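1. heads up, no residue letters with this:
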């Protein structure tokens with residue numbers, strides 16, 4: 001029995017789509033991770049909404065401004081567009097608990113995901129969550145859907161351990177994760 005396509009794919013930004021430059025504030029410093037645009041374009045071609053959900057605590061910490069975040073987001077999306085890929089919407093959390101106090105949106109909390117599900121009018125059972133940190137995919141267990149932890153230089157052994165304990169699968173990168181999501185509709189088993 002083959003599975004159906006995801007209703008939406010949630011992607012982390014730093015370490016998943018672009019290189020994690022630690023509080024990136026310069027659009028000229030944006031570097032796409034090899035294969036990320038191709039993977040996103042494959043989702044676009046499948047008519048699957050692609051939604052970025054990202055923690056940006058540098059805003060609360062005063063390390064970047066919201067305008068700098070927006071400039072980096074725009075540069076990232078422009079680079080993706082040049083390679084035929086599109087982000088349908090982005091959600092970000094500007095908070096940090098040590099500075100702005102607790103919030104409902106900072107991952108692993110699920111508010112940004114719930115907001116996106118409502119905005120797109122889809123249910124979580126068929127959603128996919130892909131990121132390079134445990135917090136990026138943890139909502140898959142709370143809300144439903146499929147979490148895939150990919151590897152980046154920022155993926156810690158603790159992230160891998162927590163993901164394994166939650167039965168979240170792993171993949172080498174975004175391209176492999178997306179390939180698995182799309183191959184399930186073509187015969188049932190990941191390629």
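-> Looks like it arrived, so ask away. None of these values were measured; they are calculated from a predicted model.
2. identify the residue spatially nearest to residue 114, adjacent ones excluded.
-> Distances taken as Cβ to Cβ, 6 or more residues apart in numbering place residue 143 nearest to residue 114, at 7.0 Å, with adjacent residues excluded. C-beta here means a position set from N, CA and C on the backbone, and glycine is covered the same way.
3. ok, now which ones touch that neighbour?
-> 110, 113-114, 117, 124, 127 (Cβ atoms under 8 Å, 6 or more residues apart in numbering).
4. please convert these to CSV, extending it with secondary structure.
-> Shown next, in CSV, are those (DSSP: H, G, I helix; E, B strand; the rest coil):
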residue, secondary structure
110, coil
113, helix
114, helix
117, helix
124, helix
127, strand
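5. got a list of what residue 104 touches?
-> Here residue 104 is in contact with 110-111 (criterion: Cβ under 8 Å, 6+ apart).
6. er, residue 106 I mean
-> Going by Cβ under 8 Å, 6+ apart, residue 106 touches 55, 57, 93, 95-97.
7. quick one: find the helix or strand in the protein with the lowest mean pLDDT.
-> In the chain, the helix or strand scored least confidently by mean pLDDT, DSSP states H and E is helix 97-100, which has a mean of 93.
8. report the distance from it to the chain centre.
-> With Cα atoms, centre = their mean, to the nearest Å as the basis, helix 97-100 stands 23 Å off its chain's centre.
9. what does it contact?
-> With Cβ under 8 Å, 6+ apart, helix 97-100 has contacts from 57, 60-61, 94, 103, 106.
10. wait, doesn't residue 92 sit right on residue 57?
-> No - in terms of Cβ atoms under 8 Å, residue 92 does not count as a neighbour of residue 57; the distance is 10.0 Å.
11. retrieve the pLDDT associated with residue 183.
-> On pLDDT, residue 183 comes in at 87.
12. which helices and strands does the helix or strand where it lies pack with?
-> Using DSSP states H and E, residue 183 falls within helix 174-183. Packed against helix 174-183, as judged by 3 or more Cβ pairs under 8 Å, 6 or more residues apart in numbering; DSSP states H and E, are the following elements: strand 8-11, helix 36-45, strand 127-131, strand 146-150, strand 169-171.
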